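Student: I'll drop the sequence and a predicted model, then ask my questions.
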Amino acid sequence: MKKIGLLLVMLLVLQSCTVVKEYEKVALSDPDMDLNPRKIERFKTNFQAYREAASGANGGKTGGGCGCN
Amino acid sequence: MNSIICIFKKYLFFVFLLLGLINNGYTQEETTEKTEVFKKMVLEKTEVDFLTSYYTQNGDNAAVSGGIGDEKVTDFTPTFIVSLPLNEDDVLTLDAGISAYSSASSSNINPFDGNHPANAFQASSGASSSDLWAGLTASYSHSSDDRNKIWTGKLSVSTEYDYFSFGFGGSYTRLFNEKNTEISINANIYLDSWDLIYPVELRHVDVVRAKDDDVFPFDINDYTITGNTNYDPQFTRFKNKNRDSYSIGASFSQILSKKLQGLLSIDVVRQEGLLSTPYQRVYFSDIADSFIENFHLADDVERLPDTRNKIALGGNLNYYVNEFLTVRTFYRFYTDNWGIDSHTAKIEVPIKIGHGFTIYPSYRYYTQTQADYFAPYEAHLSTEKYYTSDYDLSDFNANQYGIGLNYTDIFTKVHLWKFGLKSVDLEYNRYDRNTSFNSNIISAGFKFIQN
């Protein structure tokens, strides 16, 4: 419950930020600023999902496959 | 190795054949349609990514032999991702890959290959020592005219010798606040099924045949049992072959300044069915040990609950320092009802070194507590309801160090057939647990864009 509360507070804080106009997004448009993982990262994300108990919340798979080798 | 190359060549041929057919259809359709209102396409041209990786791992805690034994795995994975613009708003993406692997621990499902005295640290030459995984995912996305709403549907299948997975799902993304804020929700269902394979010495216990009984003809009476010569495991076969996963997720991303943006995401997953791996042995401390050659015969296979609930909460924060340097950070908290909590933290610092080159040094730290049902080799009691000696469910932490290199050619000067080479990626990662386990992965990616 405490964690969900913290998440809601963070959402509110983030909502209050100044709006950045399209013409001001030069730095944000840099490919390295992309919030999604790069395609080449899929392999290491997969092996981590198989070798570690944790998965999800990182753009990787959340189910499917046994990962049993 | 020759068979892998042969399969890969066939696979390459079919990918390009499919690409040619789809492109041809699209070109014919394009000539008959008149677009009255100009709208920038979501994806201007067909893009093809060829990605591949080579993975190796080593360790001494193989789950197949109950928490001791060789964990060596090698895995080669070529993958194609083809993104096709169907019109101004719609994109079809096909993601097809294979994974050819060899596994020392899986080979010891039947350790008695006759080549040497069997033991958990010696790979067997049986059929389970290598396998091929193949997977295909098709996704279709549609964007609204103002590009503020995106719908995506997805279908996936994958298969290997003893496992089949079918999945489907969808997502909806909404951008607002002048595209400063993005909220996305997604749901996915995976319906998987096992072809049950058990440790070879347990198959005489029950008369129902396992899938690979014909591949591994084995009669325990042909061998001399040492230690406890009255080997009589209380083993029963699993009745449920299915494993279903249901996940829902949401993410919220926000531009915080001209140089800073962040993402929060949550995934909630429910798994049902056979969550145990049927060929992972378990040894009980209150049952006398039996051996054939030097291999400890199983007391049972792992038994895990048939449901599991997982929650993962993640956050990304990326900061653009200057035209040469960016800082990318990630943190995740994970918890499930098997008693595992974990924390993951990662930092990556892309550095542009000029002439289209960027290097990607990274560091990742991972830690988890052990599952309620885990105990090491021969530490479980036969009176327990659930048990496993799979060290992926143990208490450990891990450090991962990575270095990557990207080259991007905005003019796509190098051409292959009808495609120009847009970018090349190379990456190496080293992963070390605080146990005997470590792994290395080398990945490469080539992005082509239609001329």
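Tutor: Received, thanks.
Student: which SSE is residue A:42 in?
Tutor: In this assignment (DSSP states H and E), residue A:42 forms part of helix A:42-51.
Student: export that helix as CSV, just CAs?
Tutor: Output in CSV follows, covering the C-alpha atoms of helix A:42-51 (Å, rounded to 0.1, in the frame of the first residue of the first chain):
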residue,chain,number,x,y,z
ARG,A,42,16.4,-8.0,-26.2
PHE,A,43,18.8,-10.9,-25.9
LYS,A,44,20.2,-9.9,-22.6
THR,A,45,16.7,-9.1,-21.3
ASN,A,46,15.6,-12.6,-22.3
PHE,A,47,18.5,-14.4,-20.6
GLN,A,48,17.9,-12.2,-17.5
ALA,A,49,14.2,-13.2,-17.5
TYR,A,50,15.3,-16.9,-17.6
ARG,A,51,18.1,-16.8,-15.1
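Student: buried residues of it, list them for me.
Tutor: A:42, A:43, A:44, A:46, A:47, A:48, A:49, A:50, A:51 (16 or more other CB atoms under 10 Å in any protein chain shown). In short, each C-beta sits where N, CA and C put it, glycine included.
Student: stretch B:260-276 too?
Tutor: For stretch B:260-276, burial by neighbour count (16+ other CB under 10 Å) applies to B:260-269, B:271-276.
Student: need the helices for the stretch 51-200 of chain B, in chain order.
Tutor: Assigned by DSSP state H, counting those that start in this stretch, the helices in the stretch 51-200 of chain B fall at B:104-107.
Student: give the residue spans of it that score low on pLDDT.
Tutor: B:127 (pLDDT under 70).
Student: who in it is up against chain A?
Tutor: Residues of the stretch 51-200 of chain B lying close to chain A (CB under 8 Å from any CB of the partner chain) are B:51, B:53, B:55, B:57, B:73, B:77, B:79, B:81, B:101, B:103, B:105-106, B:131, B:133, B:135, B:156, B:158, B:163, B:165, B:167, B:177-181, B:188-190, B:192, B:194.
Student: tell me which element the residue nearest to residue B:283 when sequence neighbours are not counted is part of?
Tutor: If the residues on either side of it in the chain are set aside, residue B:283 comes closest to residue B:378, at 4.3 Å by CB to CB, 6 or more residues apart in numbering or on different chains. Residue B:378 is located outside every helix and strand, with elements delineated by DSSP H and E.
Student: ok, so of the buried residues of stretch B:260-276, who is nearest chain A?
Tutor: Nearest to chain A out of these is residue B:267 (CB to the nearest CB; 3.4 Å).
Student: check contacts around that closest one.
Tutor: The neighbours of residue B:267, taking CB atoms under 8 Å, 6 or more residues apart in numbering or on different chains as the test, are A:55, A:56, A:57, A:62, B:247, B:248, B:249, B:310, B:311, B:312, B:314.
Student: what helix or strand is it on?
Tutor: Element membership for residue B:267, per DSSP H and E: strand B:260-273.
Student: for that strand, give the mean pLDDT please.
Tutor: For strand B:260-273, mean pLDDT rounds to 97.
Student: and stretch B:149-161, what's buried?
Tutor: Across stretch B:149-161, burial judged by 16+ other CB under 10 Å covers B:150, B:152, B:154, B:156, B:158, B:160, B:161.
Student: now the last one: how far from residue B:103?
Tutor: Going back to what we said before, that points to residue B:161. Applying CB to CB, to the nearest Å, the value for residue B:161 to residue B:103 is 12 Å.
Student: which neighbours do those two share?
Tutor: If you check residue B:161 and residue B:103 against CB under 8 Å, 6+ apart, the residues they both contact are B:128, B:131.
Student: hey, what's whichever residue of the stretch 1-150 of chain B sits closest to chain A bridged with?
Tutor: Nearest residue of the stretch 1-150 of chain B to chain A (CB to the nearest CB) works out as residue B:53 at 3.8 Å. Counting by DSSP bridges, residue B:53 is bridged to residue B:77, residue B:443.
Student: need the contact list for it.
Tutor: Taking CB under 8 Å, 6+ apart, we find residue B:53 in contact with A:43, B:75, B:76, B:77, B:441, B:442, B:443, B:444.
Student: and those residues as JSON lines, adding distance to residue B:293?
Tutor: Output for the contacts of residue B:53, formatted as JSON lines (distance: CB to CB, whole Å):
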{"residue": "A:43", "distance to residue B:293": "37"}
{"residue": "B:75", "distance to residue B:293": "29"}
{"residue": "B:76", "distance to residue B:293": "32"}
{"residue": "B:77", "distance to residue B:293": "34"}
{"residue": "B:441", "distance to residue B:293": "34"}
{"residue": "B:442", "distance to residue B:293": "36"}
{"residue": "B:443", "distance to residue B:293": "39"}
{"residue": "B:444", "distance to residue B:293": "42"}
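Student: out of those, which are buried?
Tutor: Neighbour counting by 16+ other CB under 10 Å classes A:43, B:75, B:76, B:77, B:441, B:443, B:444 among the contacts of residue B:53 as buried.
Student: just give me the closest of the buried residues of stretch B:260-276 to residue B:295.
Tutor: residue B:276 (21.2 Å; CB to CB).
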